[in-house]
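S.K.: Structural data only, the sequence is not supplied:
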């Protein structure tokens, strides 16, 4: 077999999907920069709002962007090219969308498709890959992982998680300091994202490990028990006079009901679901119970977009998975997700390394915090969790500031004809 | 008059009061470091929890602290020595507390008293100063300003505000990016602190000035009109499809009722005041009205404790007002607050400079945003506001990190015998 058999020349499309992260654009830069340098890739297109942009033939020509502006993507949060949550049907069930995608691919001679996202996006990627193969259209399809939730199967961790973890840990340290200043009892509840997996809530333990963090952490991997919660809080309150508890938005009772849902019926006078608000709900309940000062803090969107406190390791990994998706595809790979390994050098220092994992195996399996990484009392994580998360938050990023505020990328976003 | 007439030798007490800021400990370091170097100051004490620590004779001996740990105060948020909100009576009305303070001062031969806080604390400072003078006890009393609210009279701006402004502007830029990713209409409401003054909400305009910030800003200096708010939002929603509005927690209707209070009666099922939640209230109302996706984000404590995104200029000014309080007192000043000027060098560059302002004149007057700095539609600030705030957020601080998380000061806090 001739080495040149692998050669496939044509355009590429890159798309971003799902919820944004602080480093998703670093992956975009990894793909775009590497694709622009590739001999085999003739045109580099970015789909506006992910797969929707492909369906609508709304493609930005990345070749027309200023290289400096593209480089600023490394520290620009959120999905600069736009995202979507469009779920495609199985091609066996309804192939309308796939026919349309094939049409657009043929029109622009697209031979490479890189898709950046979480579980759903890897599924989309897999379906596109399978369809193109079934119709005999030669196109290499690669998945680029991202999600702050860190719940993607087939990779040790996900780009986006490390930065969210660093932001959460730093913020918890600062909140801990702030809530300790008065000589009166106080309970503070901090709510993180994480509907089904507790990686984000657990990362607050890094603050405790640094000497200034939460006393209690509750994850959605185990059932939440309100009476046990009250008892935990009471114990710390008696010992220290101050309590800092971190809860994942997805904590739920044994019967499966989200704790946050209980709130809706109890307090929302508008008759519809309230926005977040688990922290406020728990703070209210604790105030009723203990009669001390309470505060509920929802970290909200900032935990996924605070690029100013991103992890440099996470930025580099995000860039690298994008870069490797292009490099691997141009040497013949397809139907794969670029996954991150957990590797240490001889001195025990964590080092960046990637591997490939078949898209067909990513499926929609959610990677949760192992139960043995949650303590017996179900109110904190173990040292194993901390050891796992620590290497991922390393490094302070070199942010480009103008007037001491971040200078984000400003793309021209010129549509391909 | 002999220059040595000014010489007063004895111990000093420093105290922190009121709500914390990201840089209040930089002022502590300014006072403590300068006092430790002073020939005239024999012992440097820090009161535990402000004036309460003086009344309880709970004084930490700063001479026993490690100099490196003290230097870390520059980037440690919140009130490391503890704070209080204790309001002393007028000495003419009830001098019990003052007699006790005099007793403690005499016991430790305290001849210098430095008090760090906002309006109430400057008032405390002034009362202590007057009392010591009235009883003929030779003691120099200096006020060191701080407050993120920036509402202190007699100073161009307050240490703490610049850092809060930089955090708010940066966060608004990141939130703006995050809320723009989907191709569907969306309204986001961000709530800042500021009960009576709109400096914090207004500082979000720095994000807009940097090309990525809120469309609308509402300040408590003017009456809030819900119908006008709906009309403002609708206009932007039609134009851009996305709206980012920033509101000060203190916005109120023409009759004086806080907008946030309206919520309590409408939605709180527990029968007591809800925690914050103005952003969630407005988001709910906007959802009812426009039927689009909404999100309410309360910046909460982080705006006053996020030292990782502090302004270096603010840190330096905070340090400097502490330092000057000591230096000015040792050359004879008393009954003064160290105030910050607005000064520019020949090239138009903002430069740090201080002056003294009599404590007796600080009173409890609140320094609000000038009405002419709010636009005609009452939904944004003018260029004058942006020009005022810009120099105060300059410079990225040199944070000491350990394992990429902030390394805060760890003081021994050894009590004086």
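M.R.: Cool, got the structure. These numbers come from a predicted model, not from an experiment.
S.K.: what stretches of chain A score poorly on pLDDT?
M.R.: Under the criterion pLDDT under 70, the flagged ranges of chain A are A:1-5, A:262-276.
S.K.: centroid residue for it?
M.R.: residue A:147 (1.8 Å; CA atoms, centre = their mean).
S.K.: which non-adjacent residue is nearest that residue?
M.R.: Among residues not flanking residue A:147 along the chain, residue A:118 sits closest, at 3.8 Å (CB to CB, 6 or more residues apart in numbering or on different chains). Where you see a C-beta, it was placed from the backbone N, CA and C, and this is true even at glycine.
S.K.: give me every residue that touches that neighbour.
M.R.: A:17, A:18, A:19, A:145, A:146, A:147, A:149, A:151, A:152, A:158 (CB atoms under 8 Å, 6 or more residues apart in numbering or on different chains).
S.K.: go with 10 Å
M.R.: For residue A:118, the contact set (CB atoms under 10 Å, 6 or more residues apart in numbering or on different chains) comprises A:17-19, A:21, A:145-152, A:158, A:160, A:362, A:364, A:366.
S.K.: Relative to chain B, how far out is it?
M.R.: 14 Å (CB to the nearest CB, to the nearest Å).
S.K.: Chain B contacts on the stretch 1-150 of chain A?
M.R.: Neighbours of chain B within the stretch 1-150 of chain A, by CB under 10 Å from any CB of the partner chain: A:16, A:18-22, A:24-25, A:48-50, A:52-53, A:56, A:58, A:76-86.
S.K.: For ChimeraX, what selects the buried ones among those?
M.R.: Selection of buried members from the residues of the stretch 1-150 of chain A next to chain B for ChimeraX, criterion 16 or more other CB atoms under 10 Å in any protein chain shown:
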select /A:16,18,19,20,21,22,24,25,48,49,50,52,53,58,76,77,78,79,80,81,82,83,84
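S.K.: Counting neighbours, what do you get for residue A:227?
M.R.: Neighbourhood size, residue A:227 [other CB atoms under 10 Å in any protein chain shown]: 7.
S.K.: Quick check: which element contains it?
M.R.: Using DSSP states H and E, residue A:227 maps to helix A:226-240.
S.K.: Looking at the residues of the stretch 1-150 of chain A next to chain B, which are in helices?
M.R.: Applying DSSP state H to these, the entries found in helices are A:24, A:25, A:52, A:53.
S.K.: Show the contacting residues for the closest residue to the last one other than its chain neighbours.
M.R.: Nearest in space to residue A:53, with sequence neighbours left out and distances taken as CB to CB, 6+ apart, is residue A:47 at 3.4 Å. For residue A:47, the contacting residues are A:13-17, A:53-60, A:81-82, A:84, A:104, A:113-115, by CB under 10 Å, 6+ apart.
S.K.: what does residue A:335 give?
M.R.: A:125-126, A:128-130, A:132-133, A:140-143, A:356, A:358-360.
S.K.: farthest pair in the ones in helices among the residues of the stretch 1-150 of chain A next to chain B?
M.R.: Distance extremes for these: the farthest pair is A:25 and A:52 at 18.3 Å, using CB to CB.
S.K.: burial count for residue A:299?
M.R.: Residue A:299 has 27 neighbours, counted by other CB under 10 Å.
S.K.: Domains in chain A, by residue range?
M.R.: Chain A breaks down into these domains under automatic domain parsing: A:3-147+A:307-363+A:396-406, A:161-304.
S.K.: my guess is residue A:394 meets residue A:310, correct?
M.R.: No. Here residue A:394 does not reach residue A:310: they are 11.2 Å apart, not a contact under CB atoms under 10 Å.
S.K.: Those two - which one has more neighbours?
M.R.: Comparing residue A:394 with residue A:310 by other CB under 10 Å, the one with more neighbours is residue A:310, at 29 against 19.
S.K.: That one: what's it in contact with?
M.R.: A:21-23, A:26, A:74-75, A:77, A:160, A:162-164, A:166-167, A:318, A:393, A:395-397, A:399.
S.K.: Only the buried subset of those, as a PyMOL command please.
M.R.: Those of these that count as buried under 16+ other CB under 10 Å are selected in PyMOL with:
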select buried, chain A and resi 21+22+23+26+74+75+77+160+162+163+164+166+167+318+393+395+397+399
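S.K.: re the thing from before, neighbour-wise, which one of the contacts of residue A:335 leads?
M.R.: Neighbour max across those (other CB under 10 Å) = residue A:143, 33 neighbours.
S.K.: Over to that residue: give its phi and psi.
M.R.: phi -100, psi 140 (degrees, to the nearest 10).
S.K.: partners of it in the sheet?
M.R.: Beta bridges link residue A:143 to residue A:115, residue A:337 when assigned by DSSP bridges.
S.K.: And it, how close does it get to residue A:119?
M.R.: 10 Å (CB to CB, to the nearest Å).
S.K.: Could you tell me which residues touch both of those two?
M.R.: In contact with both residue A:143 and residue A:119: A:152, A:362, using CB under 10 Å, 6+ apart.
S.K.: Check the gap between the closest residue to residue A:54 other than its chain neighbours and chain B for me.
M.R.: Spatial nearest neighbour of residue A:54, chain neighbours left out: residue A:47 (4.8 Å); criterion: CB to CB, 6+ apart. Residue A:47 is 12 Å from chain B, where distance means CB to the nearest CB.
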